[in-house]
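**Q** I need the structure of the sequence given here:
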Amino acid sequence: MKNYLLLALLLLFSIIGKAQILDAGHYKHYIDHFNQNDYELYKLGEYPNDKAWKFLSENIPLFDCPDKQLEQNYYFRWWTYRKHIRMTPAGYIITEFLPDVSWAGKYNSICCPAAHHFMEGRWLKNPQYLKDYARFWFAGEASPRSYSFWAADAISSFCRVHPDDALLKELFPLLDQNYAAWETEKLDSTGLFWQYDNRDGMEVSVSGSYAEPYGYGYRATINSYMYADAYALKQLAEKFGNTSKAKFYEKRAEEIKNNINTRLWDASAEFYKVIPYGRNMNFSDIREEHGYTPWYFNIPPADHAVAWKFLMNSKHFYAPYGITTAEQCHPLFTVSYEGHECRWDGPVWPFSTSVTLTALANLLNNYEQNYISKNDYLHLLMQYSRSHCMITEDGRCLSWIDENMNPYTGDWISRNRLKNWKDGTWPKHNGGEERGKDYNHSTFNDLVISGLIGIRPATENILVVNPLISEKQWEYFCLDKVRYKGKDITILYDKTGNRYKQGKGFYVLVNGQKVFESPNPAKVILNMDE
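**A** Numbers count the residues shown, from 1 in each chain. Next comes the predicted model:
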């Protein structure tokens with residue numbers, strides 16, 4: 001009897017061993033370090049620091065790579081994300097700021113970064129947080145149109161990782177109504193959607209200044225978001241057999257896409273531009289980083305990829321600490337410590353960086369072009385990672401994410417401004433002390449998971465993996481414990497076979513079983529039903 005029990009235990013341990021390559025305990029030191037160095041001002045979330053490791057060890061994919069700074073910030077961004085998971089009478093929501101701010105809606109909710117919350121949070125093992133959050137926006141007390149928000153697309157993207165047709169069916173009529181309200185509020189006789197620059201989350205932009213005092217115009221941002229929602233609603237209507245709605249949204253999506261690619265594309269500048277209101281439908285004379293937004297949704301035709309030649313050019317968008325929100329060669333480009341603390345006329349914004357890098361990953365996956373490469377993606381992701389720093393008075397670099405950054409020094413501009421607002425005190429009317437600390441306004445880990453390592457969520461029951469990292473760049477990497485369509489996925493590369501003890505080469509595992517192998521990282525499409 002004892003022998004049978006021993007054999008059963010050995011079998012159980014062998015199964016567990018195969019099901020998980022990385023040991024979560026090897027990464028706990030990151031969480032301990034973040035906790036030890038944290039000035040935990042606001043304990044409003046469901047999981048304060050003393051509960052952080054338990055929550056994270058149970059919910060996040062594990063990541064291992066040779067670049068330990070990138071690896072550290074992967075865990076740092078999960079550590080910050082869980083701070084924003086807040087239980088409310090309406091269920092779980094995800095916040096943007098930790099302290100309550102006066103411009104937020106119910107329960108300190110703000111829809112401006114909500115799509116980023118869905119894109120990042122879809123990789124948590126427990127989907128309940130985002131299911132509640134999706135319902136919250138359309139339950140009657142929230143404000144899903146106070147800022148631009150590609151809601152239908154983001155919720156659909158979440159459900160590609162955690163399929164839930166019942167949730168989508170429940171939300172479809174509400175998302176349909178939301179789209180109709182957007183058309184009523186922001187679509188005019190030009191056939192284009194317009195938006196205030198600050199309600200696009202991009203206050204004090206150069207193109208917005210051309211339409212003062214209102215600061216609004218026809219922007220590639222809001223039009224791309226509305227295309228994405230129309231296309232997502234078309235797919236949902238097809239799924240639920242609503243033929244008339246499917247035809248309606250297919251037509252709407254094609255119209256918006258055509259308008260973006262013809263009317264918002266400045267052929268002479270080779271870039272998507274803003275048409276400021278009151279300028280007789282003439283383009284703004286500046287390229288702004290949000291002109292890359294259409295690739296986030298795979299909108300542009302092949303020849304528009306020429307716009308990407310500007311991204312790595314230091315006369316335009318490339319700077320030592322990140323991608324500038326306006327091109328540096330323009331006379332109105334500025335890095336200012338005066339006026340509004342949240343300016344988009346030059347500083348680096350993680351919100352825009354994450355949109356641009358998601359767009360770049362789509363370009364590298366879905367287009368043929370020679371303007372920018374996978375090496376550039378890794379370089380920009382590493383640069384973004386290294387910007388997650390705040391230098392203390394004694395010269396240490398603390399892992400940090402905040403609002404907007406000086407592209408030449410790495411200083412967090414809004415933090416510097418607010419800290420010294422008046423008589424050296426934090427202004428309460430602007431959010432109080434350390435408003436921007438652990439700011440949840442962008443993605444980072446989704447860029448690692450869906451971009452760099454290359455898990456490309458699909459509507460069908462398939463697994464697509466297309467790494468943007470090669471054997472020439474890293475000798476090993478592993479993404480483990482990824483919950484995708486109800487199964488646990490592992491992606492790993494081990495040049496020598498000594499790191500993970502699985503053999504030499506590139507492997508994809510589903511529920512601990514090897515389903516694909518190759519000598520080097522490669523694209524693979526797998527049927528999840530087999």
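**Q** neighbours of residue 523, just the number please.
**A** By other Cβ atoms under 10 Å, 12 other residues sit near residue 523. The C-beta positions use only the backbone N, C-alpha and C, and glycine is treated the same way.
**Q** so where's the protein shaky on pLDDT?
**A** Within the chain, the set of residues satisfying pLDDT under 70 comprises 1-19, 213-214.
**Q** go again using 80 as the cut-off
**A** For the chain, the stretches flagged by pLDDT under 80 are 1-19, 211-214, 423, 530.
**Q** dead centre of it: give me the residue that sits there.
**A** Taking Cα atoms, centre = their mean as the criterion, residue 443 is the residue nearest the geometric centre of the chain, at 3.2 Å.
**Q** who's in contact with that one?
**A** Listed by Cβ atoms under 8 Å, 6 or more residues apart in numbering, the contact set of residue 443 reads 116, 119-120, 354, 358.
**Q** the same query, at a cut-off of 10 Å, please.
**A** The contact partners of residue 443, taken as Cβ atoms under 10 Å, 6 or more residues apart in numbering, are 77, 81, 113, 115-121, 350-351, 353-355, 357-358, 449-451.
**Q** which non-adjacent residue is nearest it?
**A** The shortest distance from residue 443 to any non-neighbouring residue, by Cβ to Cβ, 6 or more residues apart in numbering, is to residue 354 (4.2 Å).
**Q** which parts of the helix or strand hosting the one you found are buried?
**A** Secondary structure assigned from DSSP states H and E places residue 354 in helix 350-366. For helix 350-366, the buried set under the neighbour-count rule, 16 or more other Cβ atoms under 10 Å, comprises 350-365.
**Q** check which helix or strand the closest residue to residue 176 other than its chain neighbours maps to.
**A** Take residue 176 and drop its neighbours on the chain: the residue closest to it by Cβ to Cβ, 6+ apart is residue 233, 6.3 Å away. Per DSSP H and E: residue 233 is located in helix 220-239.
**Q** residues in contact with the residue nearest to residue 176?
**A** Neighbouring residues of residue 233 by Cβ under 10 Å, 6+ apart: 152-153, 156, 172, 175-176, 178-179, 242, 245-246, 248-250, 252-253.
**Q** distance check, it against residue 144.
**A** Distance of residue 233 to residue 144, given as Cβ to Cβ, to the nearest Å: 14 Å.
**Q** re earlier: tell me the contacts of the residue nearest to residue 443?
**A** 113, 116, 119-120, 296, 384, 441-444, 446-447, 451 are the contacts of residue 354 under Cβ under 10 Å, 6+ apart.
**Q** can you select the buried ones from those in ChimeraX?
**A** To isolate the buried members of the contacts of residue 354 in ChimeraX, using 16+ other Cβ under 10 Å:
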select :113,116,119,120,296,384,441,442,443,444,446,447,451
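**Q** nearest to residue 424, of the contacts of residue 354?
**A** Nearest to residue 424 among these is residue 441, at 25.9 Å by Cβ to Cβ.
**Q** part of a strand, is that closest one?
**A** No. Assignment of residue 441 by DSSP: H, G, I helix; E, B strand; the rest coil gives coil, placing it outside any strand.
**Q** spatially nearest residue to it (excluding sequence neighbours)?
**A** Per Cβ to Cβ, 6+ apart, closest to residue 441 is residue 113, 4.4 Å.
**Q** my guess is that neighbour meets residue 81, correct?
**A** No. Residue 113 is beyond contact range of residue 81, at 11.4 Å (criterion: Cβ atoms under 10 Å).
**Q** quick one, phi psi at residue 290?
**A** phi -70, psi 0 (degrees, to the nearest 10).
**Q** actually residue 195, not the one I wrote
**A** Torsion angles, degrees, to the nearest 10, at residue 195: phi -160, psi 150.
**Q** so what's it closest to, chain neighbours aside?
**A** residue 222 (4.1 Å).
**Q** what about the one you found, how many residues nearby?
**A** Residue 222 - counted by other Cβ under 10 Å - has 26 other residues nearby.
**Q** same check on residue 266?
**A** Neighbourhood size, residue 266 [other Cβ under 10 Å]: 19.
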